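**Q** Sequence first, predicted coordinates after that:
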Amino acid sequence: MIRLSLLTRVLLPALLFGALACSVLGSDLEHFTEGGGGATGCPSGLDACGGECVDTKSNPAHCGACGKVCPGGQVCDNGGCSDTCSSGKANCDGACADLNKDPLHCGDCAVACNAGEICASGSCNLSCFPGQTACGSSCVDVQTDDQHCGTCDNNCPSGQACKAGKCEVSCTSGQTECSGACVDTQTNQNHCGACGKACNAGEVCSAGQCKIACPGGQTECSGLCKSLDSDDQNCGACGKACVGSEVCSAGQCTLGCGTDETNCSGSCVNVQTDSANCGSCGAPCATNQECVGGSCVIACKTQLNQAISDPWGYSWDGLERPAANVTQASQICTSLGGRLPTASELYRVAATQSATVGQTIHTNFLWSLSPHGDSNQIRVRLSDASTSTVGKTSNLNYRCVCPPPLPSAFSGKACYGPAAGSCYGLDAENKKLNVDLADRPPLPKGSAIWECGFYRGHLATPGRLVEAIQQGVGPGSNVYLHTADDVRNDSDLILRWLTPATFALGSGVNHGATTNLRPFRCAGSSLGGTHPSSVADEWVAPKSGQKTEATNSVASGWAAAASACFGKGGHVPTTAELAELVGQGLPGGTNAWLWGADTSSIVLNVASLSVLRWTATATPIYNSGNDLSALSKTTSQASRCVYYPIDATYTGPSASACAGGCKEIALPGGSGAKLWFDTFDRAPSANLQTAIDTCRKNGGHLASGRDLLEGIRAGLANGSGAFIWTGDFSLFLQSPLNSTYVLRAGSVRWTGTDLAFADAFGSSSSTADPTAALPYRCVWTNESR
């Protein structure tokens, strides 16, 4: 006889605090039917797993197949692990259930129908209502049900939905179904503006219109090709002219050219790489040449395999090269004066994106330049923009690419987005910060950190993304993005939005495994340069210009490490910043854990920080148990400091922008680095989203936990004794009897002036729901972070 019961799952998350490891027991209740008859004893729609009858379409302990367990924080939806349940389904202890038809969760997660009953419109009944069909013990509409499309048990595959009893392609926001494929009609060469509207040879699709194809990273403006990075009449966008004595540098009208740039008639160019001003202003290269190191040389594109170009100014092999391992492929491309394309570059030219290189017939996975640790590499398929990881010793086809010169900072073509303009500039602190205008391809977090660093940017923090959304960056994909904020030893904060107007921070964030493949966006400074002061034992990152030490410090507690770095004119890096430096070749890894500045999980009132380790110059995988973990703030760990470039032209906020005036704190070391804080807590109290936006509107940022720790220890006064927001997210476990982690945002408090501020959880630091109302303080800096 079949009977209903409850499955108690025991979770044992191992939490490392120095030498102490503890196990946390919890229960997560999940309905299932059990019986001794094996597969023949299970009713229709359920499978036998270990002698029990379970619904593998929704059971998080058997998701899609017996024994396939969804990671912590994820749910089982239609046989696959996901961050959230699809529309119309409820999260019932990790199982995504349609309460209108699920007999195990009928009308409510806790209600299961009796044997012989079916679930119809959220009620247990003996028969189905008109227009519904009984499929097993569920009443469904076979015209619209994805699991019973047209007939019982006809399950639509991933990426399709049931429409009029047939499985059809179901496209995400921003894409349109054309000939059975989901494409972006704003950029797709074959479907430009509408399905079937193909651009002619020599044209590209930009903003849904076919326009002339421009070479070398230029953009079509009124029928002419212009460089939006340096053209003073089209600076950052067509028709945006600089005025007076301004010049165009990195797509921004400024009063002076950036590092490594020369003013050539109002345009800031790098004479080491600019083919129109090679070596000096007004010295152009011939049409078959390009500028390398200030000299005109034979162009890389002349050596490609039937060269073709894309709208971003890249020249590509028109035909795939024979399969080789990634080392061999990279060497061949480099010998031509080019390189392998990054995952982002392959993704945006795929058939389902711009279709400027890839077509639906190109079904081979191709090598990318983007690593996933030392042993694996990212590969991309041009037919559908699919991304995955593969061992570096595998043999894959590949295409070489000849890219335009990479900007000296995160600007211009370093950003990701439409060819007509890929950067979105934030208003804070001299408008020096840029954010990608579009999502980059789904990658593991470690690879996303590497890609952002390659383009002289950084994986965007939640704060930067919220600032961009609130300022009006435009519609999002509504798909969760990786961010730079770690919230547990195996998870990061993930964030999504559909439109800025509907974005709500309380419901727009979640957490997920760092190893999951997710889209992401990069952010960074448009100024470039490096930290101006000498640092003992210094090492300079070749892409970002950030400085750090080449060897580890003596081990100490977290607060002491933060003060030591601040005393030298730097900061303890976040774990993502440290991983970025390691990915760019930071030497001296000893496999010892190093402090990061991210608050990680908080378990039973013990707060931990994310830590990272590596050996020699290994590329981080960013994976729990391998090179990523979380340790209590009270343990003793080694560290390295990070020293940012300085914007010498930024002199701080106006006094009226700060609450009660501005408190200026100069970092030691003579670099000129400064922080400015609100002198008093801001009132009235606000939720986290409002706090971030208010600071943005005043030209700054919500102060992080690291900012406040440094500021308080350096004399930031007028502590009110009330907890104020920090914006650092973490996962909070309140009780050993409940294994459910809750996403929380950080807060700190102090009274008066506290030069010995301890940052101890419970007394001087805590967490709160992002929708709660707390006071807060804003911060401004002349550092290019």
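**A** That came in fine, so what should we check first? Bear in mind that the values here come from a model prediction, so they are computed numbers and not experimental data.

**Q** Please parse the protein into its domains.
**A** By the assignment in automatic domain parsing, the chain contains the domains 3-132, 213-298, 301-402, 412-525, 538-632, 655-781.

**Q** Lowest average pLDDT across those?
**A** When the domains of the chain are compared on mean pLDDT, domain 3-132 scores lowest, with a mean of 68.

**Q** picking up where we left off before, please identify the most buried of the domains of the chain.
**A** Most buried of the domains of the chain, by mean neighbour count (mean count of other CB atoms under 10 Å): domain 412-525, with a mean of 23. Just so you know, the C-beta spots here come from the backbone N, C-alpha and C atoms, and that holds for glycine as well.

**Q** right, and the domains of the chain - which one's nearest Ser173?
**A** domain 412-525 (5.1 Å; CB to CB).

**Q** Could you give the separation between the terminal residues of the closest one?
**A** Using CA to CA, to the nearest Å, one end of domain 412-525 lies 11 Å from the other.

**Q** Redo the domains of the chain as TSV? Include distance to Ala161.
**A** Output for the domains of the chain, formatted as TSV (distance: least, CB to CB, whole Å):
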stretch	distance to Ala161
domain 3-132	10
domain 213-298	36
domain 301-402	17
domain 412-525	16
domain 538-632	34
domain 655-781	29
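
**Q** Which strand or helix spans Thr185?
**A** Assigned by DSSP states H and E, Thr185 falls within no helix or strand.

**Q** do the same with Leu709
**A** Here Leu709, judged by DSSP H and E, is contained in helix 705-713.

**Q** So what's the gap between that helix and the chain middle?
**A** Offset of helix 705-713 from its chain centre (CA atoms, centre = their mean, to the nearest Å): 26 Å.

**Q** Could you point out the helix or strand that follows it?
**A** Taking DSSP H and E, what comes next after helix 705-713 is strand 719-720.

**Q** Assess the claim that Asp146 and Asn154 are in contact.
**A** No. Using CB atoms under 8 Å as the test, Asp146 is too far from Asn154 to be in contact (9.4 Å).

**Q** Which residue ranges of this protein form helices?
**A** Counting by DSSP state H, the chain has helices at residues 326-335, 343-348, 428-431, 445-454, 462-471, 505-508, 558-567, 575-583, 688-697, 705-713.

**Q** Figure out which of the ones you listed is closest to Lys543.
**A** Among the helices of the chain, helix 445-454 comes nearest to Lys543, with 5.5 Å by CB to CB.

**Q** Against which helices or strands is that closest one packed?
**A** Judged by 3 or more CB pairs under 8 Å, 6 or more residues apart in numbering; DSSP states H and E, the packing partners of helix 445-454 are helix 343-348, strand 365-372, strand 440-443, strand 458-459, strand 481-488, strand 518-520, strand 522-525, helix 575-583.

**Q** What lies in contact with that helix?
**A** Contacting residues not belonging to helix 445-454 are listed as 342-344, 369-373, 378, 389, 440, 443, 458-460, 482, 484, 492, 514-516, 518, 520, 522-524, 541, 543-544, 576, 579-580, 583-584, 619-623 [CB atoms under 8 Å, 6 or more residues apart in numbering].

**Q** Between strand 365-372 and that helix, find me the angle.
**A** Relative orientation of helix 445-454 versus strand 365-372 (axes from the mean of the first three to the mean of the last three CA atoms, to 10 degrees): 90 degrees.

**Q** Extract the C-alpha set from helix 445-454 and format it as CSV.
**A** In CSV, the C-alpha atoms belonging to helix 445-454 read as follows (Å, rounded to 0.1, in the frame of the first residue of the first chain):
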residue,chain,number,x,y,z
LYS,A,445,33.3,33.2,-10.7
GLY,A,446,37.1,32.6,-10.9
SER,A,447,37.0,32.9,-14.7
ALA,A,448,34.8,36.0,-14.5
ILE,A,449,37.3,37.7,-12.1
TRP,A,450,40.1,36.8,-14.6
GLU,A,451,38.2,38.3,-17.6
CYS,A,452,37.5,41.5,-15.8
GLY,A,453,41.1,41.8,-14.8
PHE,A,454,42.2,41.2,-18.4
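
**Q** May I see the helices and strands packed on helix 445-454 arranged in a markdown table, with distance to Leu733 as well?
**A** Listed next are the helices and strands packed on helix 445-454 as a markdown table, based on distance: least, CB to CB, whole Å:
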| stretch | distance to Leu733 |
| --- | --- |
| helix 343-348 | 35 |
| strand 365-372 | 30 |
| strand 440-443 | 29 |
| strand 458-459 | 26 |
| strand 481-488 | 9 |
| strand 518-520 | 24 |
| strand 522-525 | 30 |
| helix 575-583 | 20 |
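
**Q** Asp231 is nearest to which of those?
**A** Across these, closest to Asp231 is strand 522-525 (CB to CB), at 21.4 Å.

**Q** Adjacent strands (with direction) for that closest one?
**A** Strand 522-525 has its sheet partners listed here by DSSP bridges as strand 433-436 (antiparallel), strand 458-459 (antiparallel).

**Q** List of residues touching the last one?
**A** Think strand 458-459. Residues contacting strand 458-459 (CB under 8 Å, 6+ apart): 410, 445, 448-449, 452, 482-484, 520, 522-524, 544, 576-577, 580, 785.

**Q** Figure out how far that strand is from the centre of its chain.
**A** In terms of CA atoms, centre = their mean, the centre of strand 458-459 is set 8 Å apart from its chain centre.

**Q** go on, the longest one?
**A** Relative to the mean C-alpha coordinate of its chain, strand 433-436 is positioned 13 Å out (CA atoms, centre = their mean).

**Q** Format the CA atom coordinates belonging to it as PDB.
**A** The C-alpha coordinates for strand 433-436 follow below in PDB (Å, rounded to 0.1, in the frame of the first residue of the first chain):
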ATOM      1  CA  LEU A 433      34.000  54.800 -12.900                       C
ATOM      2  CA  ASN A 434      32.600  52.700 -15.800                       C
ATOM      3  CA  VAL A 435      30.300  49.600 -15.800                       C
ATOM      4  CA  ASP A 436      29.600  47.200 -18.600                       C
END
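
**Q** circling back: and the helices of the chain as a markdown table, adding distance to Ile212?
**A** Converted to a markdown table, the helices of the chain look like this (distance: least, CB to CB, whole Å):
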| stretch | distance to Ile212 |
| --- | --- |
| helix 326-335 | 28 |
| helix 343-348 | 19 |
| helix 428-431 | 30 |
| helix 445-454 | 29 |
| helix 462-471 | 30 |
| helix 505-508 | 39 |
| helix 558-567 | 51 |
| helix 575-583 | 37 |
| helix 688-697 | 38 |
| helix 705-713 | 47 |
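
**Q** mind checking which of these is nearest Ala250?
**A** helix 428-431 (10.9 Å).

**Q** for that closest one, packing partners?
**A** Counting contacts by 3+ CB pairs under 8 Å, 6+ apart, helix 428-431 is packed against strand 778-781.

**Q** Now tell me what touches the strand it packs on from outside.
**A** Contacts of strand 778-781 (CB under 8 Å, 6+ apart): 428-429, 652-653, 657-659, 662, 673-678, 682, 694-695, 698-704, 707, 711.

**Q** sorry, back to before: looking at Asp146 and Asn154, which is more packed in?
**A** Asp146 (21 against 17; other CB atoms under 10 Å).
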